[in-house]
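Novice: this is the structure alone, sequence omitted:
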């Protein structure tokens, strides 16, 4: 489908991409408008602060309980899914996951796959792998379909095409969909997408989906959606392949209602999504539709690294609602593409380092004012600001043996460390402090007038010609 | 060692010895959700599903087929997919053809008639197993008689719901019916016609599934 392969490149050009968006008033307006819309929709769903707080505490407790039992629950999930007739596969890396999925597809001699919305399939860049193997991988969520048609990546985990105006989409459909005249009527545009994709739902041999919750006790895969494309992908083709991170698991079915309520209300401000689809088996004898085969691919890709540390484990509580990015002043200004990671925004900053290594993501940990909005709105109370501080210290401390994370110390600079050590020394010793501040007041004029990022929008820093202690001395004399 | 064993070994090395106490979901619902009278539940269900753009008609056991007929006529639809062998499907099969509505049945596997289902099936009738008041949600357990695609592919989906089967919450529905002891191939919650806001946050109905959802609410007669 695409002319060239598009990869995520977090380390490369985060600042340049951010600047490009900040300099573009249309994009800024787009993101500002969309985020204001999503924030007010969410607020309207939680009119009672007591209910919100107690539901968040329940959501947090459910996620922490299930993470604490994760290895045991994964084995139970596998046993129950297998008993129900669903095949379970395990992948440590994106490459392994792609190989498993392509293996299933090629094993059936299939060439056409329709995809429901799955951020994990974006994480493993399944579309590129499928394309390279000569398999059509067509996104069917309207937003995903639009960004795929434009040869772009989603810029938001819930609303993938949030960066595009309807006029841009109108031009895109006119140029890329055969026989389509230009229209910027949203209903007409959706009908165009519907007609194209309905044909594909009939033809595809493979349907791929993500998973919102996997229930261990019943062996059930749950999917949340509004459009019906998720149901199409998991019902119409002969084979359904689901992919999920290993953390999206709950032990008990009764854990689902509170999490579902938190998810849809936090994400899009809906009291529930149009569809909640619970799949427990392939087509049984006598049933007349549904896939003959259902597969689940469980992906690690750095999640077990986060799991190993008690604090970092909280990262895995996430239910992928996107509220943190909707409320983030940085995301609102730079949009999702600037991050260069599959998952943008605050959650992206704390989860991507485990997937890609801190060496590729150290810069993301500092792209935050630590205002705390993400932590306040998180429906499962992930302490995102604390985790950002932790990741900064992992990234910028000197490399040491047995690091908690891949790429620990990647942002470390001996010069900067030496400067901070010197600073600490001066502040610990009154004699040194007096000497250095005296030097500063005498030779402050020697400070350069260009001081890197500071002076791009500010006056240069210069020590005062008279120290506070000197001024106080004069006043006391007077 | 397989990928599975390596992943599990890594997790097992760091899993806490003592998991936290099992969260008490039941007591949260007991303190935060009051139970309502059947009439209140029906009103709340109707309010929320109408907010989600569904059309609701109060009907009785004697007249629901008339309402169904009128809804189809009003839309110029003369063909309806029904589930033969269910009480409501058989009623429709008896009552609609004499009034000019052709009824088709889902009597073979989808592979044999996928194109007809997608291209020549303008409407379908199914029953709902139950409903949820607090979100305006229909609960469906598709089965061999009333398969999964019936509530998804036809552009107009008509659902018969017995108003006495409305629960307050999703939690109440699953615990009262003992879902944890056995779920069907596919259990579904449906809360309106298919929709999307993926283009500039503008809500549009009829994304991939039904463009219209019509609920015939049995027992709460107007």
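Specialist: Cool, got the structure. Note that the structure is predicted; figures quoted are calculated from it, not measured. Residues are numbered from 1 along each chain as shown, chains lettered A, B, ... in the order given.

Novice: now chain B against chain A: closest residue?
Specialist: Proximity of chain B to chain A (Cβ to the nearest Cβ) peaks at residue B:209, 2.7 Å away. (Each C-beta comes from the backbone N, C-alpha and C, glycine too.)

Novice: tell me the pLDDT of the residue nearest to that residue when sequence neighbours are not counted.
Specialist: Leaving aside its sequence neighbours, residue B:209 sits nearest to residue A:228 (Cβ to Cβ, 6 or more residues apart in numbering or on different chains; 2.7 Å). Looking at residue A:228, its pLDDT is 98.

Novice: next one: residue A:456
Specialist: 88.

Novice: same check, this time on residue B:35
Specialist: On pLDDT, residue B:35 comes in at 84.

Novice: what does the model give the closest residue to residue A:117 other than its chain neighbours for pLDDT?
Specialist: Closest residue to residue A:117 apart from its sequence neighbours, by Cβ to Cβ, 6+ apart: residue A:141 at 4.0 Å. Residue A:141 is assigned a predicted lDDT (pLDDT) of 96.

Novice: okay, now residue 109: neighbour count?
Specialist: Since you didn't name a chain, this refers to chain A. By other Cβ atoms under 10 Å in any protein chain shown, the residues close to residue A:109 number 7.

Novice: hm, I was asking about chain B
Specialist: Neighbour count for residue B:109, taken as other Cβ under 10 Å: 15.

Novice: please apply the same query to residue B:35.
Specialist: Neighbour number of residue B:35 under other Cβ under 10 Å is 13.

Novice: all strands for the stretch 201-350 of chain A, in order.
Specialist: Applying DSSP state E, counting those that start in this stretch to the stretch 201-350 of chain A gives strands spanning A:206-209, A:213-215, A:220-225, A:239-245, A:249-250, A:275-279, A:293-299.

Novice: partner strands of the first one, parallel or antiparallel?
Specialist: Yep, that's strand A:206-209 we're talking about. Within its sheet, strand A:206-209 is paired with strand A:112-115 (parallel), strand A:239-245 (parallel), according to DSSP bridges.

Novice: go on, the third one?
Specialist: The strands beside strand A:220-225 in its sheet (DSSP bridges) come out as strand A:213-215 (antiparallel), strand A:275-279 (antiparallel).

Novice: could these be laid out in a markdown table, adding mean neighbour count and mean pLDDT?
Specialist: What follows is the strands paired with strand A:220-225, written out as a markdown table (neighbours: other Cβ atoms under 10 Å in any protein chain shown; pLDDT from 0 to 100):
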| stretch | mean neighbour count | mean pLDDT |
| --- | --- | --- |
| strand A:213-215 | 25 | 98 |
| strand A:275-279 | 26 | 98 |
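
Novice: need those strands in a markdown table with distance to residue A:187, can you?
Specialist: Formatted as a markdown table, those follow (distance: least, Cβ to Cβ, whole Å):
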| stretch | distance to residue A:187 |
| --- | --- |
| strand A:213-215 | 32 |
| strand A:275-279 | 20 |
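
Novice: how about low-confidence regions in the chain?
Specialist: No chain was given, so I picked chain A. Where chain A drops to pLDDT under 70, the residues are A:1-12.

Novice: switch to chain B, that's the one I care about
Specialist: B:220-222.

Novice: settle this for me: residue B:142 is touching residue B:152, isn't it.
Specialist: No. Counting by Cβ atoms under 8 Å, residue B:142 stays clear of residue B:152, with 9.3 Å between them.

Novice: now do the shared contacts for these two.
Specialist: The contact sets of residue B:142 and residue B:152 do not overlap (Cβ atoms under 8 Å, 6 or more residues apart in numbering or on different chains).

Novice: and chain A, what are its domains?
Specialist: Following automatic domain parsing, chain A resolves into domains at A:46-304, A:414-477.

Novice: what is the end-to-end distance of the longest one?
Specialist: Between the start and the finish of domain A:46-304 there is a gap of 34 Å, counting by Cα to Cα, to the nearest Å.

Novice: and it, how far out from the chain middle?
Specialist: Computed by Cα atoms, centre = their mean, to the nearest Å, the separation of domain A:46-304 from the middle of its chain amounts to 15 Å.

Novice: give me the helices and strands touching the biggest helix by length in chain B, please.
Specialist: As assigned by DSSP state H, the longest helix anywhere in chain B is helix B:38-51. Where contact means 3 or more Cβ pairs under 8 Å, 6 or more residues apart in numbering or on different chains; DSSP states H and E, helix B:38-51 is packed against strand B:55-59, strand B:137-140, strand B:166-167, strand B:212-218.

Novice: and the contacts of that helix?
Specialist: A:271, B:36, B:56, B:131-138, B:163-164, B:166-168, B:191-192, B:213, B:215, B:217, B:220.

Novice: any idea how far it is from the chain center?
Specialist: 15 Å.

Novice: how far off strand B:212-218 does it point, in degrees?
Specialist: Angular relation of helix B:38-51 and strand B:212-218 on a 0 to 180 degree scale: 170 degrees, by axes from the mean of the first three to the mean of the last three Cα atoms, to 10 degrees.

Novice: near chain B, which residues of the stretch 1-150 of chain A are found?
Specialist: A:33-34, A:37-38, A:51, A:54-55, A:58, A:61-62, A:64-65, A:68-72, A:74-75, A:90-92, A:96, A:140-143, A:146 (Cβ under 8 Å from any Cβ of the partner chain).

Novice: the residues you listed in helices, which ones?
Specialist: Among the residues of the stretch 1-150 of chain A next to chain B, the residues falling in helices (DSSP H) are A:33-34, A:37-38, A:51, A:54-55, A:58, A:61-62, A:64-65, A:68, A:70-72, A:74-75, A:96, A:142-143, A:146.

Novice: out of the strands of the stretch 201-350 of chain A, deepest packed?
Specialist: strand A:206-209 (a mean of 28; mean count of other Cβ atoms under 10 Å in any protein chain shown).

Novice: contact partners of that one?
Specialist: So strand A:206-209 is in contact with A:101, A:104-105, A:108, A:110, A:112-118, A:121, A:126, A:137, A:223, A:230, A:232-243, A:291, going by Cβ under 8 Å, 6+ apart.

Novice: buried only: go through those for me.
Specialist: Neighbour counting by 16 or more other Cβ atoms under 10 Å in any protein chain shown classes A:101, A:104-105, A:110, A:113-118, A:121, A:126, A:137, A:223, A:230, A:232-243, A:291 among those as buried.
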